[in-house]
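> build the 3D model from these lines:
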Amino acid sequence: MFSRPEGIENTRIWVDGCFDFTHHGHAGAMLQARQLGRELYVGVHSDEDILQNKGPVVMKLAERLTAVEGCKWATKAIPDAPYVTAPDFMDKYGCKYVVHGDDITTDANGNDCYQEMKDLDRFVVVKRTPNISTTDLVGRMLLSTKTHHLPAIKSMGHGLFSNENVAQFEKYATDQGGLHPHAGVYVHLDDDPLHVLVQPAQEVNQTYQKLVYVDGGFDLFHPGHIEALRLVKQHANHVGAAVMVGIHDDKCVNDHKGLNYPIMTLFERSLCVLQCKYVDGVVLAAPYNADRQFLDRLPGSVVAVMHGPTPVDPEVYADARTDGIYQQMGSHKFDDINTQFIVKRVLDNMEAFEERQRKKGWKAENERRLEELERQKHT
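Next comes the predicted model:
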């Protein structure tokens with residue numbers, strides 16, 4: 001069904017969507033689409049179209065565009081793409097095929113948003129990333145539960161390192177074409193040397209001789225994180241270094257943030273960081289206090305430890321301060337956005353988002369019906 005057309009590798013590919021909370025499921029779709037062609041253009045729907053067809057957005061258009069532009073597999077982000085994919089709009093950007101996951105998306109009237117493209121044989125299916133959606137994340141906020149949290153990582157026997165998950169880490173660590181290795185993925189376990197989960201590409205490993213290190217929870221990976229990482233990468237390029245990102249595990253984040261944080265698990269957050277074009281490597285379960293002992297374990301000489309504009313306990317980066325390599329970033333255009341700010345947006349509009357959740361139930365049932373009809377048509 002919807003087999004890949006001959007010569008697609010020489011074309012410009014189109015994907016579109018809401019990209020609200022641009023999570024690793026969105027990135028997975030962009031990765032698969034990018035692997036098919038020579039370039040990937042990503043259409044992003046307007047706030048108004050999403051409200052009419054799906055419900056209220058959490059992230060505004062400019063914020064969602066920043067998230068798409070931060071994905072290493074997106075060649076260009078296109079604002080105000082129509083909710084129902086239109087061939088003439090795609091033609092304007094020289095895109096021959098639209099790529100979408102193996103589920104059906106419907107408009108406000110319950111009609112398949114890609115039916116015209118399917119009828120024109122310009123539709124290509126990729127595998128949808130399971131167990132993650134914006135609706136899931138909103139649900140976690142509204143329920144305020146911690147059942148999704150992963151236990152602290154104390155050994156390489158942790159469930160996070162299943163063969164299936166490691167395969168995902170390898171995919172998200174690929175280069176901008178999505179076909180070759182790029183970033184390294186490491187695991188920190190107390191006093192042990194770092195474990196190499198995914199080897200970096202040889203040319204990337206050479207850039208690790210000098211590292212700029214930045215760490216955090218990176219929950220609900222948002223424009224504040226992306227803009228900060230862009231600035232870190234800018235500095236790293238200036239000093240000829242690579243960007244290494246430490247990501248705290250769920251227990252560490254919860255110990256310091258409380259409530260039901262993080263909303264995203266370490267697995268979800270690390271894939272979000274890996275898909276970002278400003279990142280050259282990640283350390284899973286990085287310690288909250290990046291002391292000299294930890295920094296010395298990294299696969300290169302740390303020339304800078306950077307932190308965003310928010311205040312931080314001086315003891316956390318005490319060794320980096322002593323060594324003169326600590327740098328705090330100044331303000332940036334999205335420095336007012338953090339995880340708590342986003343959750344507050346949802347909770348302040350709880351009634352509207354609860355209605356969105358209810359509407360999702362009706363849409364899901366209708367979309368399952370359409371999927372079954374489509375399967376019957378192609379068997």
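
> where does pLDDT dip in the stretch 1-150 of the chain?
Within the stretch 1-150 of the chain, the segments meeting pLDDT under 70 span 1-3, 130-132.

> that one: helices as residue ranges?
Here the stretch 1-150 of the chain has its helices, by DSSP state H, counting those that start in this stretch, at 24-36, 47-53, 61-69, 87-92, 115-119, 134-143.

> now the fourth one, how far from the centre of its chain.
Pointing back at helix 87-92 there. Averaged C-alpha coordinates place helix 87-92 at 27 Å from its chain's average position (C-alpha atoms, centre = their mean, to the nearest Å).

> need the residues that contact that helix.
When contacts are taken as C-beta atoms under 8 Å, 6 or more residues apart in numbering, the neighbours of helix 87-92 outside the stretch itself are 14, 43, 81-82, 96, 98, 116-117, 120, 122. Glycine gets a C-beta too; all of them are placed from N, C-alpha and C.

> let's see that with 6 Å instead.
The list of residues contacting helix 87-92 from outside it, by C-beta atoms under 6 Å, 6 or more residues apart in numbering, reads 14, 82.

> ok, stretch 194-210 next?
Defining contact as C-beta under 6 Å, 6+ apart, one finds that stretch 194-210 is touched by 156, 169-170, 173, 181-187, 240-242, 280, 297, 299-301, 303.

> quote the end-to-end distance of it.
Start and end residues of stretch 194-210 are separated by 17 Å (C-alpha to C-alpha, to the nearest Å).

> in it, what's buried?
When neighbours are counted by 16 or more other C-beta atoms under 10 Å, the buried residues of stretch 194-210 are found to be 194-195, 197-198, 200-201, 204-205, 207-208.

> export those to CSV and tack on distance to E164, secondary structure and pLDDT?
Compiled in CSV, these are given as follows (distance: C-beta to C-beta, whole Å; DSSP: H, G, I helix; E, B strand; the rest coil; pLDDT from 0 to 100):
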residue, distance to E164, secondary structure, pLDDT
L194, 22, coil, 96
H195, 18, strand, 97
L197, 13, strand, 98
V198, 14, strand, 98
P200, 21, coil, 98
A201, 23, coil, 97
V204, 24, helix, 96
N205, 26, helix, 96
T207, 29, helix, 95
Y208, 27, coil, 97
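
> can you tell me which two in these are farthest apart?
By the measure C-beta to C-beta, H195 and T207 form the most distant pair in the buried residues of stretch 194-210, at 20.7 Å.

> rewinding a little: hmm, which of the contacts of stretch 194-210 are the buried ones?
Under a neighbour-count criterion of 16+ other C-beta under 10 Å, the subset of those counted as buried comprises 169-170, 173, 181-187, 241-242, 280, 299-300, 303.

> among the contacts of stretch 194-210, which are in helices?
The helices in this structure, assigned by DSSP state H, contain 169-170 from the contacts of stretch 194-210.

> next step: the contacts of stretch 194-210 restricted to strands.
Cross-referencing the contacts of stretch 194-210 with the strands (criterion: DSSP state E) gives 184-187, 242, 301, 303 as the overlap.

> can you name the two of these that sit furthest apart?
Among the ones in strands among the contacts of stretch 194-210, the pair separated by the greatest distance (C-beta to C-beta) is V187 and V303, at 23.1 Å.

> what helix or strand does I153 sit in?
Mapping I153 onto the secondary structure by DSSP states H and E places it in no helix or strand at all.

> picking that back up, out of the helices of the stretch 1-150 of the chain, which is the most enclosed?
Comparing the helices of the stretch 1-150 of the chain on average neighbours per residue, with mean count of other C-beta atoms under 10 Å, the densest one is helix 24-36 at a mean of 23.

> compute the inter-axis angle for that one and helix 61-69.
The directions of helix 24-36 and helix 61-69 differ by 50 degrees, with axes from the mean of the first three to the mean of the last three C-alpha atoms, to 10 degrees as the criterion.

> gap between helix 24-36 and the chain center?
Relative to the chain's own centre, helix 24-36 is displaced by 10 Å; criterion: C-alpha atoms, centre = their mean.

> helices and strands around it, which ones?
Helix 24-36 sits against strand 12-17, helix 266-274, with contacts defined as 3 or more C-beta pairs under 6 Å, 6 or more residues apart in numbering; DSSP states H and E.
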